[in-house]
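Asks: Mind folding the following:
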Amino acid sequence: MQTIRIQFTLFSAFYSPLISTMSGGFPESFLRAEGLEPDWSVSPPGVSALAAVKAGTAHVVQSALSQGFTSLDQGKTPEAVHFAQVNEMDGFFLTGRHSDAAFAWKKLEGAEVVMFKAGQPNAMFRYACHKAGIDYDKIKPICPGGADDIDRAFRAGQGQYVQQQGPYPQQLQADGVGHVVAQVGKQIGPCGFSSLAATREWLDTDMARAFMRAYRKTRRYLNDTPAAEIARAEKPYFPDIGEKVLADCIATYQKLGCWTPHVEITRPAYEKTLDIFEYVGQLKRRYPYEMVCAEPPSG
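Replies: Numbering: from 1, shown residues only. Okay, the predicted model is just below:
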């Protein structure tokens, strides 16, 4: 077995296409079937996993196209290129204190929302508000920090709504603390939300080709396998989340369509991401696809 070092910038069920390379497959995982033993980690809060690529401590990382934009805006050549999609749609939910079958985004105006202060989660949320026809500046933001901080704040009674990735919202529902009222991704539509990144040199290796064979199988598995079965396999990676809650979350993402079977980052998805960051004023210019992305390894 050859060790492949994988790092996540964020770790949640939303990133099941990468998690399930390690958990899915029978009688052995998709990665192990290709002769790869995963050594995985999560980057420290506020630090992109791309730092691990730069340091040489990770072969492949879960990241986002916007990380490439940030480097280019600073006049730097990105250390890594994005070679495969993880999610082709925003995976955040809006959860309210009460069930609301008649929820409309207009209700966010004037409301206190526990949310991410900056970065891609905030940029995408602002764009979703724009698409929903509401004034983002009329929202009263509460920004306590990262995902765990946000969850604790809402559970402690702060805010009328909260912005979270799964499975946090599903666990809130299971605990009777909140009710999911909307999905951000449905407002935005397909885009290059999250991706896999590595150095161009690594993409030309046998390990990269073996990884891609496993990753392609995993994406088919995620679309063809019942959510309960995927959740059962992933459960050891989520010790604090109930298996049924995890299955509900995975089923919701399957239905949303963020885990499309193809692995490549499509040019339309890339252009949509440029649209979003251009709208929120976080893009100096529209960078060509080839400056940020690469084709996935074949074979």
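Asks: mind checking the backbone torsions on Ser63?
Replies: phi -150, psi -150 (degrees, to the nearest 10).
Asks: ugh, typo on my part, it should be Trp40
Replies: phi -110, psi 160.
Asks: got a list of what it touches?
Replies: The contact partners of Trp40, taken as CB atoms under 8 Å, 6 or more residues apart in numbering, are 5-8, 22. Heads up, the C-betas are built off the backbone N, CA and C, glycines and all.
Asks: repeat that for 7 Å
Replies: Counting by CB atoms under 7 Å, 6 or more residues apart in numbering, Trp40 touches 6-7, 22.
Asks: Which residue ranges of the stretch 51-200 of the chain form helices?
Replies: Per DSSP state H, counting those that start in this stretch, the stretch 51-200 of the chain carries helices over the ranges 65-73, 119-132, 147-155, 168-174, 184-188, 200-203.
Asks: now those helices in JSON lines, with mean pLDDT, distance to Arg209 and mean neighbour count?
Replies: JSON lines is the format used below for the helices of the stretch 51-200 of the chain (pLDDT from 0 to 100; distance: least, CB to CB, whole Å; neighbours: other CB atoms under 10 Å):
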{"stretch": "helix 65-73", "mean pLDDT": "92", "distance to Arg209": "23", "mean neighbour count": "21"}
{"stretch": "helix 119-132", "mean pLDDT": "96", "distance to Arg209": "29", "mean neighbour count": "21"}
{"stretch": "helix 147-155", "mean pLDDT": "95", "distance to Arg209": "33", "mean neighbour count": "18"}
{"stretch": "helix 168-174", "mean pLDDT": "95", "distance to Arg209": "35", "mean neighbour count": "22"}
{"stretch": "helix 184-188", "mean pLDDT": "96", "distance to Arg209": "31", "mean neighbour count": "20"}
{"stretch": "helix 200-203", "mean pLDDT": "96", "distance to Arg209": "9", "mean neighbour count": "15"}
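Asks: Reformat those helices as TSV; add distance to His82.
Replies: Output for those, formatted as TSV (distance: least, CB to CB, whole Å):
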stretch	distance to His82
helix 65-73	6
helix 119-132	13
helix 147-155	22
helix 168-174	26
helix 184-188	19
helix 200-203	11
